[in-house]
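Trainee: Quick one: sequence plus predicted model below, questions after.
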Number of protein chains: 4
Amino acid sequence: MLRKQELRSAETRRDILSAAGALFAKRGFDAVTMREIAGKAGCSHTTIYIHFKDKEALLHALSMPSLQELKQRMESILLHHDLSPEERLKGISREFIHFCLQNRTMYTIFFEAKSVRVDEERPALPINQLRNGLFRLLQQALQDCLDRQRGDLLLTSARIFFFTIHGIVGTYTYSEETPEALMDRLSSTFDEAVDVLLLGFRQQTVLRQQTIQGGTIL
Amino acid sequence: MLRKQELRSAETRRDILSAAGALFAKRGFDAVTMREIAGKAGCSHTTIYIHFKDKEALLHALSMPSLQELKQRMESILLHHDLSPEERLKGISREFIHFCLQNRTMYTIFFEAKSVRVDEERPALPINQLRNGLFRLLQQALQDCLDRQRGDLLLTSARIFFFTIHGIVGTYTYSEETPEALMDRLSSTFDEAVDVLLLGFRQQTVLRQQTIQGGTIL
Amino acid sequence: MLRKQELRSAETRRDILSAAGALFAKRGFDAVTMREIAGKAGCSHTTIYIHFKDKEALLHALSMPSLQELKQRMESILLHHDLSPEERLKGISREFIHFCLQNRTMYTIFFEAKSVRVDEERPALPINQLRNGLFRLLQQALQDCLDRQRGDLLLTSARIFFFTIHGIVGTYTYSEETPEALMDRLSSTFDEAVDVLLLGFRQQTVLRQQTIQGGTIL
Amino acid sequence: MLRKQELRSAETRRDILSAAGALFAKRGFDAVTMREIAGKAGCSHTTIYIHFKDKEALLHALSMPSLQELKQRMESILLHHDLSPEERLKGISREFIHFCLQNRTMYTIFFEAKSVRVDEERPALPINQLRNGLFRLLQQALQDCLDRQRGDLLLTSARIFFFTIHGIVGTYTYSEETPEALMDRLSSTFDEAVDVLLLGFRQQTVLRQQTIQGGTIL
DNA sequence: AATGAATGAGGGTTCATTCAT
DNA sequence: AATGAATGAACCCTCATTCAT
């Protein structure tokens, strides 16, 4: 019958996580107070310290599971060989964007190295590895679409692709609309962005080859 | 003889602005202390309050002139009819990116509504008008390149173009490299991003028209 | 069958006491945490409150037995009539010093009225009686050495003797060396301190008597 | 006319110092709160941080001047060649004891390495140098009295002498009596302690020489 | 115009202790 | 008897801001 207590504790932990998640997302890590989190979670601020070592640990606990879930979703799309490479790339991108919008300012924290520092002291922090893994997945999906590109050319394309994804997220990070509303309203635009980029990348490959051939002929 | 005092005062004001600008740019609005600004400006922290209502007013005052300067630079490129439309778009984009990198965290503040809120209480803040003006300039330059696009199609292209620009800036906002080093290293990549997007936009216009024509034929 | 439980309880109590003793001795009363004590004792910190009213009660319970043991050791030396009075005084002093060094910060607490206050509210606390008993034993041992001293003269000698003992302990209370290392290295110095004091006391008795006699003669 | 403000500030500083001094002395460094000090000093706790970097700086500021004054008093006695060496030693000891009683728990802090650590990170902290200087003065005064002692013998004597002084201070550190009342009541006892020790030291020198001579003769 | 002094609100964190089980 | 969860008070310290000069 001890279970009741454990359940209660787990519930508190969840309350704290969800309160912190909402507040971090809305106002950013630094601006949020432990006492605010506690207030929203319906417990004393000291209780937080029972469940999490400190504020940063709270952030970590908050990030890891959702990032892991995202990674799984992205991986499963990548392995979905019924889909065309273009569909897989669009799917993965949509998933990534949706996640970032759902986690709003959290996104800033994960990806812009603010509090979760990529610094010397903790080089292989699991969260950083996860982050890098996500980027590699996107890159793989892109490569599957651009099988005629190699090396530097591919790298540049990947960079440009990332810029656009990053920009989409950045543009709507501070929007007041819900992530779902945003996705409903804009996912076709996002898909089109992918289309445009792929068209551009391929067209450029063609142009380059023509230039080279032309150059050789002359 | 009063003039001397006035000059002195204006100078102090400038010192404060330049100190605050440098510090905000390097470490972000929140992380900078009024006392630090005062220290770097060579005055007492109370003096700042003589010239600026509060920390946020300081930020405002700081943003306006540099944004205005940026706007002028962008406008002059747009009017530079010796250049091809593509060159003008690349030039304007480079200028915008360079500015955002130079002002780093400031950028976040201008464009991501952090401290300079685009909120209900002050709807038509001059800074927001300026901001919108900048976007219109970019849009115009883009339109000059896509003269066969109209209406919704053009709007979507503009959006996608902004995403990429925004993403470029976001990607390097927290970099340790100087803006100049970044521009040196990456401006060809940025130019290429513009090329790719333009190629993609045009190719898509072609595809759509083919689809429509094909549809008509059947 | 209840016995088993009782035994278990008594054992827990002992574990707590021994953990607290070690920690208080090493780091001082204030610096030690109830949770640390619990950790070292292998129980939950709440369990401590079943056995002891609060942190201070723990200290009390801790002091009594060790003081009582010390008292017994000192008494047995005092009754050891094979030894010369000087040897007994040295022995008793060594015992007392060794105890104080072993109990380090505890010593401060017993003897310098820090947490176990000798204050108005609890005048005849058993611990204070014990403490006074120890001092009387030392005094007795001293008196056995100074059989020609009486009354005020003896009182002054006792005071001076205590000062020195107290100072020895105080000097090494915060040392990093183990009590045993300290005793090894310094017990001959401590013995010599006793020798010096006895020589001094006796010499002074002689001088006073000469003064008195001389005074009488003139 | 700015002076008024400066005076006020200096007064606040003094108020803080005197409040902190009283509280540290009565209850010890750790137990005293910045807010308490502020309360007693009649200012906000933040004001303390205007005048002193942190709590430890407050302690330093508090200790240095009084220690310096003590050192000067001790030095002037040592140079007072009208007095006999014995008188000088008694005078210096009295001065030292009086100071320690006046500064009570401060004494603990200075001399027992609690907060003002003699640790690796700040080896040559001025306060530690001062402290060592004081001990050397006492040692010099003792040596002037024991001109027939050398080397190890002298060192042991010095140690024993320190023990006694240390013990005197320790014994009365927590007394409720004022330092003046204590000095009035006990300074003759303290003087006598010095007499006894000197007699003992000298007598022991004599005994040793006899032992040596005796040994040689036999 | 400019400043040093001063402040209140609040930051994260720790601790001894109590409550429900 | 024993425990994990939870708490409120308190810790030192920092900051943007105001006041008196």
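Mentor: Thanks, I have it. Quick caveat: nothing in here was measured; it's all calculated off a predicted structure. Residues are numbered from 1 along each chain as shown, chains lettered A, B, ... in the order given.
Trainee: So which bits of chain A are right by chain C?
Mentor: Counting by C-beta under 8 Å from any C-beta of the partner chain, no residue of chain A lies close to chain C. Every residue, glycine included, has its C-beta placed from N, CA and C.
Trainee: so what's the closest residue to chain C within chain A scoring on pLDDT?
Mentor: Using C-beta to the nearest C-beta, the single residue of chain A nearest to chain C is A:Ile50, 11.6 Å away. Per-residue confidence at A:Ile50 stands at 92 (pLDDT).
Trainee: Buried residues, the strand or helix carrying it. List them.
Mentor: Taking DSSP states H and E as the criterion, A:Ile50 maps to helix A:45-51. By 16 or more other C-beta atoms under 10 Å in any protein chain shown, the buried positions in helix A:45-51 come out as A:47-48, A:51.
Trainee: now these in JSON lines, with distance to D:Tyr174?
Mentor: Below are these laid out as JSON lines (distance: C-beta to C-beta, whole Å):
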{"residue": "A:Thr47", "distance to D:Tyr174": "40"}
{"residue": "A:Ile48", "distance to D:Tyr174": "41"}
{"residue": "A:His51", "distance to D:Tyr174": "43"}
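Trainee: Between the residues you listed, which sits nearest A:Ile168?
Mentor: Closest to A:Ile168 out of these is A:Ile48 (33.7 Å), distances taken as C-beta to C-beta.
Trainee: list the helices and strands the helix holding A:Ile50 packs on?
Mentor: helix A:3-27, helix A:34-41 (3 or more C-beta pairs under 8 Å, 6 or more residues apart in numbering or on different chains; DSSP states H and E).
Trainee: The last one and DNA strand E, any residue contact?
Mentor: Translated: helix A:34-41. Yes. Residues of helix A:34-41 contacting DNA strand E under C-beta under 7 Å from any atom of the strand: A:34-36.
Trainee: For chain A, give me the ranges with low pLDDT.
Mentor: Applying pLDDT under 70 to chain A flags residues A:1-3, A:104-128, A:212-218.
Trainee: Around DNA strand E, which positions in chain A sit nearby?
Mentor: Counting by C-beta under 7 Å from any atom of the strand, chain A sits next to DNA strand E at A:1-2, A:4-5, A:32-36, A:45-46, A:49, A:54-56.
Trainee: near DNA strand F, which of these show up?
Mentor: With the criterion set as C-beta under 7 Å from any atom of the strand, the members of the residues of chain A next to DNA strand E near DNA strand F are A:5, A:45-46, A:49.
Trainee: ok, these vs chain B, which is closest?
Mentor: Here the nearest of these to chain B, counting by C-beta to the nearest C-beta, is A:His45; it sits at 21.2 Å.
Trainee: Surely that closest one is in contact with A:Ala20?
Mentor: No. The criterion here is C-beta atoms under 8 Å, and A:His45 misses it with A:Ala20 at 11.6 Å.
Trainee: which residues in chain A form helices?
Mentor: A:3-27, A:34-41, A:45-51, A:55-78, A:85-102, A:104-111, A:126-145, A:151-173, A:179-217 (DSSP state H).
Trainee: nearest to C:Asn103, of the ones you listed?
Mentor: Closest approach to C:Asn103 among these (C-beta to C-beta): helix A:45-51, 33.4 Å.
Trainee: What are the contacting residues of that closest one?
Mentor: A:9, A:12-13, A:16, A:34-35, A:37-38, A:41, A:58 (C-beta atoms under 8 Å, 6 or more residues apart in numbering or on different chains).
Trainee: Just the buried ones from those residues?
Mentor: Buried, going by 16+ other C-beta under 10 Å: A:12-13, A:16, A:34, A:37-38, A:41, A:58, out of the contacts of helix A:45-51.
Trainee: Throw those residues into CSV and include distance to B:Lys71, thanks.
Mentor: Output for the buried ones among the contacts of helix A:45-51, formatted as CSV (distance: C-beta to C-beta, whole Å):
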residue, distance to B:Lys71
A:Thr12, 52
A:Arg13, 50
A:Ile16, 46
A:Met34, 42
A:Ile37, 41
A:Ala38, 46
A:Ala41, 46
A:Leu58, 42
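Trainee: Which residue lies closest in space to A:Leu138, excluding its sequence neighbours?
Mentor: A:Ile92 (6.1 Å; C-beta to C-beta, 6 or more residues apart in numbering or on different chains).
Trainee: deepest of the helices and strands packed on helix A:45-51, which one?
Mentor: Mean neighbours per residue, mean count of other C-beta atoms under 10 Å in any protein chain shown, is largest over those for helix A:34-41, with a mean of 18.
Trainee: how far away is A:Leu58 from A:Thr12?
Mentor: Remark: distance between A:Leu58 and A:Thr12 (C-beta to C-beta, to the nearest Å) = 13 Å.
Trainee: Next: A:Leu155.
Mentor: Following C-beta to C-beta, the distance that separates A:Leu155 from A:Thr12 is 47 Å.
Trainee: for A:Thr164, what are its contacts?
Mentor: Here A:Thr164 is in contact with A:193, A:197, B:160, B:163-164, B:167 (criterion: C-beta under 8 Å, 6+ apart).
Trainee: ok, now which ones touch the spatially closest residue to A:Val32 that is not a sequence neighbour?
Mentor: With sequence-adjacent residues excluded and distances taken as C-beta to C-beta, 6+ apart, A:Val32 is closest to A:Leu23, at 4.4 Å. By C-beta under 8 Å, 6+ apart, the residues touching A:Leu23 are A:32, A:36-37, A:40.
Trainee: ok, now A:Leu70?
Mentor: A:95-96, A:99, A:134.
Trainee: Pick the one among those residues closest to DNA strand F.
Mentor: Nearest to DNA strand F among those, counting by C-beta to the nearest atom of the strand, is A:Phe99 at 29.0 Å.
Trainee: Am I right that the closest one is in contact with A:Ser66?
Mentor: Yes. Counting by C-beta under 8 Å, A:Phe99 touches A:Ser66, with 7.1 Å between them.
Trainee: Pick out whichever of the two has more residues nearby.
Mentor: A:Phe99 (22 against 15; other C-beta atoms under 10 Å in any protein chain shown).
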